[in-house]
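Q: I need the structure of the sequence given here:
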Amino acid sequence: MSIVAKAVNIFMFYLTYIHKKMTFGKTLRRIRRIKDLSQRELAQKIPMDVTYLSRLETDGLESMPTKETIAKIAKALECTDTELGELLSSAGRITAEIESLSEIAKEKPLVGKLFRAAARLSPEKLEELISRFESETENSDKMGEK
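A: The predicted model follows:
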């Protein structure tokens with residue numbers, strides 16, 4: 001997948017999650033349940049106080065957990081990259097990959113313009129564009145090999 005297609009995927013995932021207004025606690029609880037762990041089991045794996053974990057899941061804290069805390073939780077849950085992205089974005093944090101893409105957008109204004117335009121598109125239209133990007137980059141890669 002090309003860098004542009006990957007960037008659009010990540011950016012749209014992030015925007016979609018923000019628009020859903022999924023809280024960190026609900027996201028954490030959903031992922032923990034998918035992994036079939038109790039709060040106590042997860043807290044022991046991290047290690048973390050089960051009361052703190054419970055308060056995270058019920059959105060009972062005044063501030064969101066740090067990226068480092070989220071990383072520990074994600075590691076204990078054996079999260080996929082997508083699940084880690086969900087946790088980070090629902091806490092208002094961003095991944096290193098999104099930070100990197102932000103830097104690219106700063107250095108290349110057209111990429112920033114692409115991100116802003118992509119944010120207004122429907123998921124179907126985005127999928128169509130991503131397919132075109134991937135096809136074009138595959139073709140250019142093949143042309144470069146000759």
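
Q: so where's this structure uncertain?
A: 1-21, 140-146 (pLDDT under 70).

Q: Where do the domain boundaries of it fall?
A: Here the domain parsing of the chain from automatic domain parsing is 3-13+97-145, 19-95.

Q: Adding mean neighbour count as columns, could you present those in TSV?
A: Quick note: C-beta positions are derived from backbone N, CA and C, even for glycine. Listed next are these as TSV, based on neighbours: other C-beta atoms under 10 Å:
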stretch	mean neighbour count
domain 3-13+97-145	14
domain 19-95	16
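
Q: Spatially central, which residue of the protein would that be?
A: Nearest to the mean C-alpha position of the chain, counting by C-alpha atoms, centre = their mean, stands Gly85 at 2.4 Å.

Q: Off-centre distance for the helix or strand containing it?
A: Here Gly85 sits within helix 81-90, counting by DSSP states H and E. Computed by C-alpha atoms, centre = their mean, to the nearest Å, the chain-centroid distance of helix 81-90 equals 4 Å.

Q: And stretch 108-121, by the same measure?
A: On C-alpha atoms, centre = their mean, the centre of stretch 108-121 falls 18 Å from the chain's centre.

Q: Which strands or helices does the helix or strand that contains Glu97 pack on?
A: In the assignment (DSSP H and E), Glu97 maps to helix 96-107. Contact here means 3 or more C-beta pairs under 8 Å, 6 or more residues apart in numbering; DSSP states H and E; on that basis helix 96-107 packs against helix 3-20, helix 109-119.

Q: Distance check, Ala43 against Glu124.
A: 41 Å (C-beta to C-beta, to the nearest Å).

Q: Thr137 now?
A: 21 Å.
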